[in-house]
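**Student:** Please find the sequence and the predicted model below.
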Amino acid sequence: MTVKTMQTAEVQDLLEKVAGFNKEGGNERVKTIVHRLMHDVFQIIEDLDVTPDEFWQAVYYVNELGQNGEAALLAPGLGMDKYLDIRLDAEDEQAGLSGGTPRTIEGPLYVAGAPQSEAFARMDDGSDETAEIMILTGQVTDENGQPLANAVVDVWHADRKGAYSYFDQSQSEYNLRRRIVTDENGRYTARSIIPSGYGCPPEGSTQQLLNLLGRHGNRPAHIHFFISKPGFKHLTTQINLAGDAYTYDDFAFATRDELVVDANRIEDHAEAEAYGLNKPFTKVEFNIQLVRTDKSELQSRHERKRALEGEPA
Ligand SMILES: [Fe+2]
């Protein structure tokens, strides 16, 4: 049965009351967004003839999503984080601020206040003795290739199980999370372990919806970065390690060609020794170009709820 009610005065009036248009007070921006949001939801119900059964399934789905704490996981799975990046890229282009290393999504698993060191950091706590050692190194420059000293390279990644410290309480504090300040040549180096990709919790709300879409919930092995330096645009990005089955099939849509980086096995003894190692390791090189700006609001990461953000270090 197809009925059309959206254009009736009754429905239009209902939407205005829902959004509080006939009431003083509240927040105008929220009223505007809620009015539009509910209009579009009503319109979907009409256009797609959504049944009451389907509607209530959706309501209880949202309940469960919140109970599981997965709203920030479903968002990238539905391309929302990627869409915000597309908009930011377009804004940069409009402002003449494009170029440099591309941004990509942050994800929900950053923890503020990781230990900071100069030029080098060891990121893993040594508890995974059989993990493949990773040397992650690179240079931060401006768009002309001039090295940038004193840039802060804030790095975080998962362990071999695909789990992140803090959220995985079995790991030590700030395991696989460090801030490294670049040296006079703009260089940073981290010793860590090769991370694994991971999937959404198999029984969780996100995977439940992905199943209905015929989609998997996997991410390739990747490493997250914030890179900042006063006078330059803050960069939120990540690299995907080449060769992972999901490098180009990331459920969160974070892959960009420029951000796919080789993981090279190094067997050479002398090169291992140069990093203080006595066995083969895997080297990952990621050079970063920052874009100059005098707009202070672009020089720090945008506001968002993050673990331990705003707390004393
Ligand atoms: Fe991640």
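**Tutor:** Alright, I've got the coordinates.
**Student:** make it CA atoms for all contacts and neighbour counts henceforth
**Tutor:** Will do.
**Student:** Can you tell me the element the closest residue to S98 other than its chain neighbours falls in?
**Tutor:** Spatial nearest neighbour of S98, chain neighbours left out: D92 (5.1 Å); criterion: CA to CA, 6 or more residues apart in numbering. Using DSSP states H and E, D92 falls within helix 80-94.
**Student:** pLDDT (mean, whole number) over that helix?
**Tutor:** Averaging pLDDT along helix 80-94 gives 97.
**Student:** Name the surrounding residues that touch that helix.
**Tutor:** For helix 80-94, contacts defined as CA atoms under 8 Å, 6 or more residues apart in numbering pick out A75, P76, S98, R103, T104, I105, A252, F253, A254.
**Student:** What's the local residue count around the residue nearest to S98?
**Tutor:** For D92, the count of nearby residues is 13 (other CA atoms under 10 Å).
**Student:** Also E203?
**Tutor:** 8.
**Student:** Now it. Its backbone dihedrals?
**Tutor:** Dihedral angles of E203 (phi, psi; degrees, to the nearest 10) stand at phi -100, psi 0.
**Student:** Against N211, how distant is it?
**Tutor:** Taking CA to CA, to the nearest Å as the measure, E203 and N211 are separated by 11 Å.
**Student:** Kindly report the same for I223.
**Tutor:** Per CA to CA, I223 is found 26 Å from N211.
**Student:** can you check F21 too?
**Tutor:** 39 Å.
**Student:** higher neighbour count, these two?
**Tutor:** F21 (16 against 13).
**Student:** what's the nearest residue to the more buried one if we skip its chain neighbours?
**Tutor:** K31 (7.0 Å).
**Student:** Doesn't the one you found lie inside a strand?
**Tutor:** No: per DSSP: H, G, I helix; E, B strand; the rest coil, K31 lies outside any strand segment and is helix.
**Student:** contacting residues for it?
**Tutor:** A19, G20, F21.
**Student:** just L15 next, same as before
**Tutor:** The contact partners of L15, by CA under 8 Å, 6+ apart, come to H35, M38, H39.
**Student:** Of the residues you listed, keep whichever come out buried.
**Tutor:** Using 16 or more other CA atoms under 10 Å as the burial test, the contacts of L15 include H35, H39 as buried.
**Student:** could I get the contacts of L15 as CSV with secondary structure?
**Tutor:** Output for those, formatted as CSV (three-state DSSP):
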residue, secondary structure
H35, helix
M38, helix
H39, helix
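**Student:** before we move on, the earlier item: buried subset of the contacts of helix 80-94?
**Tutor:** Looks like those have A75, P76, R103, T104, I105, A252, F253, A254 buried, using 16+ other CA under 10 Å.
**Student:** Which ones among the residues you listed lie within helices?
**Tutor:** Using DSSP state H, the members of those that fall within helices are A75, P76.
**Student:** Appreciated, that's everything.
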